[in-house]
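Q: any chance you could fold what I've pasted below:
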Amino acid sequence: MAARLARLPNTLRLAGVRFMGNEYGSGAGKGGGTGGSIREAGGSFGKMEAAHEEQYFRKLQAEQLKRMKEHLGEEIEHHERSIKQHKEAIERHKKKIGQLKHEEDQNKK
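A: Coordinates of the predicted model:
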């Protein structure tokens, strides 16, 4: 189980997108960086680059969410198997206790 939890942080990393101005691709941002020469120039190329960047991060986030759902599904299956095994063990122990009580009652007679 520890190995499963060690993989989890990689699936939880969600990509963030920075705004470079009031509108995507409109030029340099307020954070002190320019955002690249195309963005700095602004115009339709800057907007196109920003749209491509947004699309990339949306796809990345969708893939990460998909992997996270798969991981959680595996965790659920693992715990359901554990529950089943524990229930079977409980039933075996109850049966054994019943047999021991029966033997004890037989020995008292």
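Q: remind me what the one helix or strand residue 91 maps to packs against, helices and strands.
A: Per DSSP states H and E, residue 91 falls inside helix 43-108. Helices and strands touching helix 43-108, by 3 or more C-beta pairs under 8 Å, 6 or more residues apart in numbering; DSSP states H and E, are helix 2-12, helix 37-41. C-beta coordinates here come from the backbone N, C-alpha and C atoms, glycine included.
Q: number of nearby residues for residue 59?
A: Neighbours of residue 59 under the rule other C-beta atoms under 10 Å: 11.
Q: low pLDDT regions in this protein?
A: 1-42 (pLDDT under 70).
Q: mind running it again at 80?
A: 1-43, 45-46, 109 (pLDDT under 80).
Q: quick one: residue 109 and residue 102, what's the gap?
A: 11 Å (C-beta to C-beta, to the nearest Å).
Q: show me which of the two is the more surrounded one.
A: Shown here are residue 109 and residue 102; by other C-beta under 10 Å, residue 102 has more neighbours (10 against 4).
Q: if I look at residue 53, how far off is residue 46?
A: Per C-beta to C-beta, residue 53 is found 10 Å from residue 46.
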